[in-house]
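**Q** this is a predicted model, with the sequence first.
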Protein chains: 4
Amino acid sequence: MVDFYYDKGADGLTILGIMGEAPKLTQSEAIEISRQTLKRSGDKPVIVGVSAPGLAAIEELTKAVMDLGAAGVMVAPPASLKTDDQIFGYYQNVVDALGTDVPLVLQDFPLVTGIHISSSLLGRIVEAMPSIVMLKHEDWPGLAKISDIRNAEAKGRRRISILCGNGGVFLPEEMERGADGAMTGFAFPEMMVDVVRHAGKGEMDRAQDLFDAYLPLVRYEQQPGLGLAVRKHTLAKRGAIASATQRRPGAMLAPKAIAEVERLITRQTKKLEALS
Amino acid sequence: MVDFYYDKGADGLTILGIMGEAPKLTQSEAIEISRQTLKRSGDKPVIVGVSAPGLAAIEELTKAVMDLGAAGVMVAPPASLKTDDQIFGYYQNVVDALGTDVPLVLQDFPLVTGIHISSSLLGRIVEAMPSIVMLKHEDWPGLAKISDIRNAEAKGRRRISILCGNGGVFLPEEMERGADGAMTGFAFPEMMVDVVRHAGKGEMDRAQDLFDAYLPLVRYEQQPGLGLAVRKHTLAKRGAIASATQRRPGAMLAPKAIAEVERLITRQTKKLEALS
Amino acid sequence: MVDFYYDKGADGLTILGIMGEAPKLTQSEAIEISRQTLKRSGDKPVIVGVSAPGLAAIEELTKAVMDLGAAGVMVAPPASLKTDDQIFGYYQNVVDALGTDVPLVLQDFPLVTGIHISSSLLGRIVEAMPSIVMLKHEDWPGLAKISDIRNAEAKGRRRISILCGNGGVFLPEEMERGADGAMTGFAFPEMMVDVVRHAGKGEMDRAQDLFDAYLPLVRYEQQPGLGLAVRKHTLAKRGAIASATQRRPGAMLAPKAIAEVERLITRQTKKLEALS
Amino acid sequence: MVDFYYDKGADGLTILGIMGEAPKLTQSEAIEISRQTLKRSGDKPVIVGVSAPGLAAIEELTKAVMDLGAAGVMVAPPASLKTDDQIFGYYQNVVDALGTDVPLVLQDFPLVTGIHISSSLLGRIVEAMPSIVMLKHEDWPGLAKISDIRNAEAKGRRRISILCGNGGVFLPEEMERGADGAMTGFAFPEMMVDVVRHAGKGEMDRAQDLFDAYLPLVRYEQQPGLGLAVRKHTLAKRGAIASATQRRPGAMLAPKAIAEVERLITRQTKKLEALS
């Protein structure tokens, strides 16, 4: 799977995020998967998701993967946080625990975490914690947040990287608003590679044309809970993984859903051919 | 706006739902809007959303709009419900309060209400309460729920209508799984009319081709909170409403967002021309 | 019931709050109950809860009850708010809608609303909106918040009234930290009257002795959802209301629960006799 | 601390529950603490909380502590579950993962987990999964649930143990409704030992008298988030633990709170002397 993503043009990888099966692993399995991915990635940067209910587990996994050569770690806020001050305090605790030399990615994914981080709170966090160098942007709606960040930076705030998630479902608009790229799933990573490349060259119509060809499947893969089954089915079909089986609890892809996915892929292939 | 929707092919209307500005109205304004819509709709069926924190307000509005000629009323579950039994009991209370002669639409929109209704609970409700004649289907993911309902009906359970929501973002798949149509916003209602018509004739590829042309804007209008501003902007642009202004609290559409919408509409127009 | 509360020593009343049956009323019923309560209260101040899903309903009820002579209105934040900025913006909208001449009570009751307001956010709101003159304090835990407010006021921030809720379950500590009194239910309002009076005279041991005698029942009445049935049972038993019946949906008090309440009241009566 | 609890009369221990610092431990620390507690407990039964985001971590810890001699493990439902069927399915997955020979305690603590389990759902779970032998009862309100369980058992359903939590704040009523005892914190475990013993002998007035003496502190220790600091302060003061310090993130007990706790303990001591 690692080779597959690089073959499709990925510049690096983020592993053990929220949507996949990271929470279904033991800590030692998480470390082992990180080891294999880092080894296979060579010089490409790999970010490892280390979110956990407690700081000790976060620390333990961070130390292990940074020693193995990770480029940084990613932390999403736990669902128990209630106020802006608590969210700020949580990230302060994380930075204190990990040390300021560990590059940190803040994962902002309210649909799943239930934690909403306003642009102003994000600004407070960025200003106070220099080791937070990147935002994994998955707020929804989240386009204005990208503009808010870039506007604040234009006025002098420290620049952070913004890599977008949510399966890339707003990637053209996100790139135009100043995102640096995508950092998300979707079983056709070449969509993200191509959209980001064309957007980077200012070829927005071409970027959007390609994006539109993939959008019906992107949308289908974005179904909460079910999306992972869709993605694993497609990755298995494409030869990136050996099996689509999930660890429990894992949604099964029913025959009707498989037929829908197949139909969308067939249509997508035709559209891409027409565009090539 | 009523004329606009019928001109575009709507068979009827649902008003005062969740996404619009119904909660921003006083009860007397809600009745007045229902009166005007019903008058303008003539023989076309109009369903009125009557969700409110308490049963007395639901009863009051239901009585008023049924007297005015509404075809039925729609009720979403309040966020305070915790268990299957509480959700069941809530609808039993609603039916008891309104009387079994008022046709009732159950609005199943967990992204907004926070209330999740499983297929088995929905079956219990349908079996116990004959006046619930329709599901406004907005669960996400929700495709399997349509199949579950139609499968149970194939085994003898009473048939209910299923009209789909969520801006129509899964309409082709929903129609193929047995939905009866769409009952949702989106500033181009002709998309839903066309997709439902072609799907009804078994022309799924044509349905999907048309759907795909609209999908980038459907997606954009589906942004929680922001979507209403997008829709009102487009409806105003199309002449369906006089002004896109929202009552407080209403998200403003920033210039960048307006530009994104305009660009999507331009692209959509070209795609539709290519398809015609 | 109004006479009962004044006979027991209440200085004023707050009606149509969250725990009672206000959401089960139509708007016209809410206005009628306010009219009767205000008339019966004479010169005593009455605050009316006007929380509603939309500003138009809040405005309508506020105008009606202020015209009838209410001392002010109380607004709790709706569950849909997500961030500090959204909560701030909501109260700004309320103040804008009602006008700055309507005295406003901010009800801070996260257990029920799901909205958590930090001390720092509360400070921002108080500084920006002079018409917010009182906090109905029902955060849990909430003792530190009282200290935070009084500390900020000692450093120059505008003073607000703090009246405590939560059935009075922390009233002695709240008074000692600077609260001005209680504004909450509990079927023995004389408890609050006595605790506040003794605390005001610095007789904290006496205040706590009396409080302790009532605490087992306070605790019992604090059960979420069930508490209203307990309170109405006791108020009916004491002659304050004619019937304990609730509008649907209302939890029934089972025979075992009635026996538990009766037993707690019997024990409470004995303890109070020993203290008198 | 283990000795302290047994000295005060505990029959056994439950460790690594929700309120304490279990989520702040690494897996290997959790195993080490279990090892020490089990060794020190000798023949007394020890239940170990093994709740975690994924089944693999639950399995890993369960296997370790059962090998070390635990009497069983306790699992609370994760916050991501939405419907009765999902909660049922979750416990089915847990039982499948651990094997039916591991005695399982279902922790029902909706205030913290956000998951509400109705009496009917609990019945379905108990009937389907014989290895669930105990309920840690922390629903609030939860008295009717105890009665529902015992009533169903009187009609033939398999009996489960019910040990109550929530710091014991409803312990007299819970015992009278058929609970088997308490399994919760509170820095004076002798309260629970005494209330359960007297209730077991039918001496309900004596049980309630003792309970009432402790209730003001029980109430204070029940403050969400803050309670752990209160409990550790008191346990340190009583010599049960060497230090009240918490791992991050841990609420600090402010001087005012310490004074309140000290005052409540002084008053409690006097009341207990008067009762002895």
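**A** Looks like it came in fine. Quick caveat, the model's predicted, so the values are computed rather than measured. Residues are numbered from 1 along each chain as shown, chains lettered A, B, ... in the order given.
**Q** residue A:2: neighbour count?
**A** For residue A:2, the count of nearby residues is 19 (other C-beta atoms under 10 Å in any protein chain shown). Glycine gets a C-beta too; all of them are placed from N, C-alpha and C.
**Q** and what of the one 10 residues further on?
**A** By other C-beta under 10 Å, the residues close to residue A:12 number 16.
**Q** contacting residues for it?
**A** Contacts for residue A:12 (C-beta atoms under 8 Å, 6 or more residues apart in numbering or on different chains) come out as A:41, A:44, A:45, A:46, A:47, A:71.
**Q** check these against chain B and report the nearest one.
**A** The shortest approach to chain B among the contacts of residue A:12 belongs to residue A:47, at 26.8 Å (C-beta to the nearest C-beta).
**Q** for the closest one, which non-adjacent residue is spatially closest?
**A** residue A:14 (4.5 Å; C-beta to C-beta, 6 or more residues apart in numbering or on different chains).
**Q** can you spell out which helices and strands pack onto the helix or strand encompassing that neighbour?
**A** For residue A:14, the host element (DSSP states H and E) is strand A:13-15. When contacts are defined as 3 or more C-beta pairs under 8 Å, 6 or more residues apart in numbering or on different chains; DSSP states H and E, strand A:13-15 packs onto helix A:27-41, strand A:46-49.
**Q** give the rounded mean pLDDT of the last one.
**A** If I follow you right, that is strand A:46-49. Mean pLDDT, strand A:46-49: 98.
**Q** give me the distance from it to the chain's centre.
**A** Relative to its parent chain, strand A:46-49 has a centroid offset of 10 Å by C-alpha atoms, centre = their mean, to the nearest Å.
**Q** pull out the buried positions in whichever helix or strand residue A:124 is part of.
**A** In this assignment (DSSP H and E), residue A:124 forms part of helix A:119-128. Buried residues in helix A:119-128, defined by neighbour count with 16 or more other C-beta atoms under 10 Å in any protein chain shown: A:119, A:121, A:122, A:123, A:124, A:125, A:126.
**Q** ok, stretch A:223-237 next?
**A** Quick answer for stretch A:223-237 (16+ other C-beta under 10 Å): A:223, A:225, A:226, A:227, A:228, A:229, A:230, A:231, A:232, A:233, A:234, A:235.
**Q** neighbours of the residue in the stretch 151-276 of chain A that chain C sits nearest to, just the number please.
**A** At 14.4 Å from chain C, residue A:152 is the closest residue in the stretch 151-276 of chain A, using C-beta to the nearest C-beta. By the measure other C-beta under 10 Å, the count of residues near residue A:152 is 18.
**Q** ok, it - contacts?
**A** Contact analysis of residue A:152 by C-beta under 8 Å, 6+ apart lists A:119, A:123.
**Q** can you tell me how far it is from residue A:160?
**A** 10 Å (C-beta to C-beta, to the nearest Å).
**Q** now do the top helix by length along chain A, average pLDDT.
**A** Secondary structure of chain A per DSSP state H: the longest helix is helix A:255-275. Averaging pLDDT along helix A:255-275 yields 98.
**Q** for stretch A:70-82, same thing?
**A** Mean pLDDT, stretch A:70-82: 97.
**Q** distance between that stretch and the chain's centre?
**A** Centre-to-centre, stretch A:70-82 and its host chain are 12 Å apart (C-alpha atoms, centre = their mean).
**Q** report whether that stretch contacts chain C.
**A** Yes. Stretch A:70-82 reaches chain C (C-beta under 8 Å from any C-beta of the partner chain) through residue A:82.
**Q** now do the end-to-end distance for that stretch.
**A** 31 Å (C-alpha to C-alpha, to the nearest Å).
**Q** sec struct for the residue nearest in space to the middle of chain A, please.
**A** Among the residues of chain A, the one closest to the centroid is residue A:184, at 3.4 Å (C-alpha atoms, centre = their mean). Following DSSP: H, G, I helix; E, B strand; the rest coil, we place residue A:184 in the coil state.
**Q** grab the nearest non-local neighbour of it.
**A** Sequence neighbours aside, residue A:165 is the residue nearest to residue A:184 in space, at 4.1 Å (criterion: C-beta to C-beta, 6+ apart).
**Q** repeat for residue A:77
**A** Nearest residue to residue A:77 in three dimensions, chain neighbours excluded: residue A:115, at 4.3 Å (C-beta to C-beta, 6+ apart).
**Q** count the neighbours of the one you found for me.
**A** Counted with other C-beta under 10 Å, residue A:115 comes out at 21.
**Q** quick one: contacts for it?
**A** By C-beta under 8 Å, 6+ apart, the residues touching residue A:115 are A:76, A:77, A:78, A:79, A:81, A:87.
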